[in-house]
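Enquirer: Sequence unavailable; structure follows:
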């Protein structure tokens with residue numbers, strides 16, 4: 001019984017640690033904060049000024065990419081919904097066709113006779 005509780009505790013701790021490990025990292029924002037802090041100490045440093053500008057440009061590029069990705073995902077989602085609606089409409093048409101009178105009496109081609117085995 002004790003071994004079972006140890007195993008359950010180990011599984012619980014493992015799942016919690018995996019959940020914390022999967023949190024997204026923001027290296028650009030961490031770098032920007034560090035550069036800004038150092039830039040306050042040394043405002044005349046050209047390298048820090050250039051790094052600050054490049055970090056801002058990179059943040060803008062990342063934001064544009066994410067916006068484009070969200071737009072693409074939304075378009076794909078909308079297309080999937082349209083296809084589902086079309087599929088449902090086609091199914092309704094098929095069911096309407098089946099409900100027409102005389103549907104069961106449709107002529108079908110005669111099956112050829114098979115030779116006896």
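Expert: Perfect, I can see it now. For clarity, every value in this text was computed on a predicted model and none was experimentally measured. Numbering: from 1, shown residues only.

Enquirer: Low-confidence ranges, this protein, go.
Expert: For the chain, residues meeting the criterion pLDDT under 70 lie at 1, 12-13, 16-25, 89, 91-109, 117.

Enquirer: center of this structure, which residue is that?
Expert: residue 73 (7.4 Å; C-alpha atoms, centre = their mean).

Enquirer: now it: how far from residue 62?
Expert: 16 Å (C-beta to C-beta, to the nearest Å). Any C-beta I mention is one placed from the backbone N, CA and C, and that applies to glycine too.

Enquirer: next one: residue 48
Expert: Distance from residue 48 to residue 62, by C-beta to C-beta: 21 Å.

Enquirer: one step back: any idea which helix or strand carries the residue nearest to the centre of the chain?
Expert: helix 46-99 (DSSP states H and E).

Enquirer: tell me how far that helix is from the chain's mean position?
Expert: A distance of 9 Å separates the centroid of the chain from that of helix 46-99, by C-alpha atoms, centre = their mean, to the nearest Å.

Enquirer: which parts of stretch 31-44 are buried?
Expert: 31, 32, 35, 39 (16 or more other C-beta atoms under 10 Å).

Enquirer: In helices, which of those fall?
Expert: The members of those that map onto helices under DSSP state H are 31, 32, 35, 39.

Enquirer: and which of those residues is nearest to residue 67?
Expert: Nearest to residue 67, judged by C-beta to C-beta, of those is residue 32 at 19.2 Å.

Enquirer: ok, the closest one - contacts?
Expert: 52, 55, 56, 59 (C-beta atoms under 8 Å, 6 or more residues apart in numbering).

Enquirer: so can I have TSV of those residues showing neighbour count and distance to residue 85?
Expert: Converted to TSV, those look like this (neighbours: other C-beta atoms under 10 Å; distance: C-beta to C-beta, whole Å):
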residue	neighbour count	distance to residue 85
52	17	50
55	18	45
56	13	44
59	15	39
